[in-house]
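1. Okay, here's the prediction I keep looking at, along with the sequence it came from:
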Amino acid sequence: GRRGDSGLNSLASIRANFAIKALDGPAGDAVAVSVEREDVVEASEAFRERALVSSRAQYEEMYKRSVEDPDGFWGDIASTFFWKKKFPVKDGKLHSENIDVRKGRVAVEWFKGGETNICYNALDRHVEAGLGDKVAFYWEGNDVGVDAKLTYKEVLERVCQLANYLRSQGVKKGDAVAIYMPMLAELPIAMLACARIGAVHSVVFAGFSAESLYQRILDCKPNIILTSSAVKRGAKIINLKDIVDDALVRASEGGHTVGTCLTFDNNLAIKREDTAWQEGRDIWWQDVVPSQEKKCEVEWVDAEDTLFLLYTSGSTGKPKGVLHTTGGYMVYAATTFKHAFNYHDDDVYWCTADCGWITGHSYLTYGPLLNGASMVVFEGVPNYPDAGRCWEIVDKYNVTIFYTAPTAIRSLMRSGDEPVKRHSRKSLRVLGSVGEPINPSAWKWYHEVVGDKRCPISDTWWQTETGGFMITPLPGAWGLKPGSATLPFFGVQPAVVDENAQEQHGECSGYLCVKAAWPGMMRTLQGDHDRYETTYFAPFKGFYFSGDGCRRDKDGYYWLTGRVDDVINVSGHRIGTAEVESALVSHPMCAEAAVVGFDHEVKGQGIYAFVTLLEDVEYSEELRKALINAVRSQIGAFAAPDVIHWAPGLPKTRSGKIMRRILRKIASNELDQVGDISTLADTSVVEQLINLRGK
Ligand code: WTA
């Protein structure tokens, strides 16, 4: 292709990247990691008394069983859920797996032959157990003072009404339903309604552009899309319906027509009469859903029937439709939630993620509801109207478990301690972090200022593909080290491997892989099982490859060091460099582009784009803006490059491969570390680029 180094999944390219990235990866203050690594933060005696697992020895014992007898371990837990038809045990096994490409197709199944429904387990089961009046959602709107409360019974009724409507529109088991909604309570409700009737939800984060939404629609071909008229996020109003309309027009032109657009009338953000409308296709949610029956029969599905698709970025090509199935995902999401947050029935949980990402699936929707938790669903952003909003919400609902991303912590940290200390936060018990490596200074601020040194921090490492936590503290069970995700969850067998796919032992660093299947892992990529195998299982044969680098210390603790492939993690959002490059070159004046990540104080990583213009085109401020806009409209505002670096030429080898290693050094201003450039076709390019830095 245009960028010269396709085949990024080849071992050679991972190896080439690894030398750079895994060793001095983007973990913010990487130097501090090694200095501070010996700090161990223990939970208080009082905390440990209520811990589900209260010592490392107890964990070791449970862990041992989970890896030596995964069927017994997970079977016992799965039995605590409701199964319409109990999963069969064959020869002592209730799962089958092959993750070794040398032994044939990669295939993983858990609880196959068992029939259940995740919506039933998340809602009906609790209502039937007498918890109908327990609050499920404390919905907190973007604007202060706008809120709503929904009990388990009420959520169930709303889910049933929507499920009935979907059924009335002909949606049946296995059909895809696209969801492009803001964080209204109706978003998790929509996901559950799909699950209830066996439909496959495909939530697209409502910050993606029309083009991205269109691509996802074309891949999973839903006949119905659920959206909302608009959303107010912070001080901004975003007209979602216009974006959906645009995507649906593109989809029709591209060969797939979505018949129905069910639109939630979000009159706080926009009036009905100001919303663009296409008669016949567009329907107001409020006109058809509330009049439906409040009961809806459950569609019992096989444990291995698809629950949802969620698109995520990889290092090459278009986004991948990660496919999760029902039974294993259900058991895994629920169990990881319970243990990593040391969940108790009287907790009030708040996860700041959006349902458009995997965290919003596993730990805003399914995990907590499967545990019967009360939770806050927040529509807004952490610093609106000011940097004290989160703590105001914590006090308002007496939040006990707070789960957010390092980027939010760092951005709040910049506003100082006062907005935090202004609020009591005395309800807080456990804090969580997800999305990227948390740098020790942010970890400490979170622990000392937000948590008053009282709350253990669960730094949860996992991925869209893993379905649930993989490496995470179990609060109270062992000491924490700021910046380390600590130890593997039950049933997870991490392997740190070298470039020859040799597992390393003891203290080591390398590529983070997993050597056996776990219940929550993705089963395939939508419509592309080959890509599933080549991306995740071919680079290191015999292992699942995460794409992350890591180090394991003498205590067995894992320290994630960031991606070793061409994925950038911006504010916890995964963005493929290839996607940004392809958006840039879609601009008519752009000849070539190469994108790398660089350390960014708040976002973790920022996007740095080297751009070569067509011959005779002058670089200008106007063009810079137009290039950034190209990325906004192709992907979404969150992927907009921070820096456009004009590049008359790019550093390429004689075979035409762009040497990203050099670009990364230029982007991070480590000009003395550019290293060996003798293999470049034209070495003068490097100096030229250095001279144009900041211009
Ligand atoms: C990164 C988000 C270090 C990692 C759940 C991974 C982390 C990618 C952590 C997955 C963490 C996530 N420490 N790195 N606690 N959590 N990551 O699919 O690079 O959006 O591969 O899933 O985020 O991003 P995804």
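-> Sure thing, it's come through.

2. Hmm, Pro648 is touching Glu687, no?
-> No: no contact is recorded between Pro648 and Glu687 when judged using CB atoms under 8 Å, the distance being 11.2 Å. To be clear about C-beta, it is placed using only N, CA and C from the backbone, and glycine gets the same treatment.

3. Mind listing the residues bridging to the nearest residue to Ile393 once chain neighbours are set aside?
-> By the measure of CB to CB, 6 or more residues apart in numbering, the closest residue to Ile393 outside its immediate chain neighbours is Glu140, 5.7 Å from it. In this entry, Glu140 is beta-bridged to Asp147, Phe378, by DSSP bridges.

4. so Glu140 touches Val377, yeah?
-> Yes: counting by CB under 8 Å, a contact exists between Glu140 and Val377, whose distance comes to 7.1 Å.

5. The residue lying closest to Cys508 once chain neighbours are set aside pairs with what?
-> Excluding the flanking residues, the one nearest Cys508 by CB to CB, 6+ apart is Val496, at 5.2 Å. With beta bridges defined as DSSP bridges, Val496 has these partners: Leu512.

6. Now do the same contact list for Val496.
-> By CB atoms under 8 Å, 6 or more residues apart in numbering, the residues touching Val496 are Glu503, Gln504, Cys508, Ser509, Gly510, Tyr511, Leu512, Cys513, Cys550, Arg551, Arg552.

7. In the stretch 151-300 of the chain, which residue sits nearest the ligand?
-> Sorted by distance to the ligand under CB to the nearest ligand atom, the residues of the stretch 151-300 of the chain start with Phe205, at 10.3 Å.

8. worst-scoring helix or strand of this structure, pLDDT-wise?
-> helix 30-36 (a mean of 38; mean pLDDT, DSSP states H and E).

9. continuing past that one, what's the next helix or strand?
-> Towards the C-terminus, the helix or strand next in line after helix 30-36, according to DSSP states H and E, is helix 45-49.

10. which residues sit against that following helix?
-> Outside of helix 45-49, the residues that reach it under the criterion CB under 8 Å, 6+ apart are Ser54, Arg429, Arg454, Pro456, Pro475, Gly476.

11. what bits of the protein have low per-residue confidence?
-> 1-38 (pLDDT under 70).

12. Where is the longest helix in it?
-> Assignment by DSSP state H gives helix 152-168 as the longest helix of the chain.

13. Moving C-terminal from that helix, which element do we reach first?
-> strand 176-180.

14. now the very next helix or strand once past that following strand against helix 152-168, angle please.
-> Per DSSP H and E, strand 176-180 leads on to helix 186-196 as the next helix or strand towards the C-terminus. The directions of helix 186-196 and helix 152-168 differ by 60 degrees, with axes from the mean of the first three to the mean of the last three CA atoms, to 10 degrees as the criterion.

15. For helix 186-196, output the C-alpha coordinates as PDB.
-> C-alpha atoms of helix 186-196 as PDB (Å, rounded to 0.1, in the frame of the first residue of the first chain):
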ATOM      1  CA  GLU A 186     -31.700   3.900  27.200                       C
ATOM      2  CA  LEU A 187     -28.300   2.900  25.900                       C
ATOM      3  CA  PRO A 188     -27.700   0.000  28.300                       C
ATOM      4  CA  ILE A 189     -31.400  -0.700  28.100                       C
ATOM      5  CA  ALA A 190     -31.100  -1.100  24.300                       C
ATOM      6  CA  MET A 191     -28.300  -3.500  24.700                       C
ATOM      7  CA  LEU A 192     -30.200  -5.600  27.100                       C
ATOM      8  CA  ALA A 193     -33.300  -5.500  24.900                       C
ATOM      9  CA  CYS A 194     -31.300  -7.000  22.000                       C
ATOM     10  CA  ALA A 195     -29.800  -9.600  24.300                       C
ATOM     11  CA  ARG A 196     -33.300 -10.500  25.500                       C
END
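
16. what does it contact?
-> Outside of helix 186-196, the residues within contact range by CB under 8 Å, 6+ apart are 117-120, 122-123, 137, 155, 158-160, 162-163, 166, 171, 177, 179, 181, 200-201, 203, 226, 228, 264, 285, 296, 298-299, 307-308, 326, 355, 360-361, 364-365, 369, 377.

17. touching the ligand at all, whichever helix or strand comes after that helix?
-> Using DSSP H and E, the next helix or strand after helix 186-196 towards the C-terminus is strand 200-203. No: judged by CB under 6 Å from any ligand atom, strand 200-203 makes no contact with the ligand; its nearest approach is 13.0 Å.

18. Any chance you could give me strand 200-203 in PDB, C-alpha atoms only?
-> Backbone C-alpha positions of strand 200-203 (Å, rounded to 0.1, in the frame of the first residue of the first chain) are rendered in PDB as follows:
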ATOM      1  CA  VAL A 200     -26.700  -9.100  18.200                       C
ATOM      2  CA  HIS A 201     -26.000  -5.600  19.400                       C
ATOM      3  CA  SER A 202     -23.400  -3.500  17.700                       C
ATOM      4  CA  VAL A 203     -22.800  -0.400  19.600                       C
END
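
19. counting contacts, what elements does it pack onto?
-> Counting contacts by 3 or more CB pairs under 8 Å, 6 or more residues apart in numbering; DSSP states H and E, strand 200-203 is packed against strand 176-180, helix 186-196, helix 210-220, strand 306-312.

20. buried stuff in stretch 403-423?
-> When neighbours are counted by 16 or more other CB atoms under 10 Å, the buried residues of stretch 403-423 are found to be 403-413, 419-420, 423.

21. Switch the residues you listed over to a markdown table; also include secondary structure and distance to Glu392.
-> Converted to a markdown table, those look like this (DSSP: H, G, I helix; E, B strand; the rest coil; distance: CB to CB, whole Å):
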| residue | secondary structure | distance to Glu392 |
| --- | --- | --- |
| Tyr403 | strand | 17 |
| Thr404 | strand | 15 |
| Ala405 | coil | 19 |
| Pro406 | helix | 21 |
| Thr407 | helix | 20 |
| Ala408 | helix | 15 |
| Ile409 | helix | 17 |
| Arg410 | helix | 20 |
| Ser411 | helix | 16 |
| Leu412 | helix | 12 |
| Met413 | helix | 17 |
| Pro419 | helix | 9 |
| Val420 | helix | 10 |
| His423 | coil | 6 |
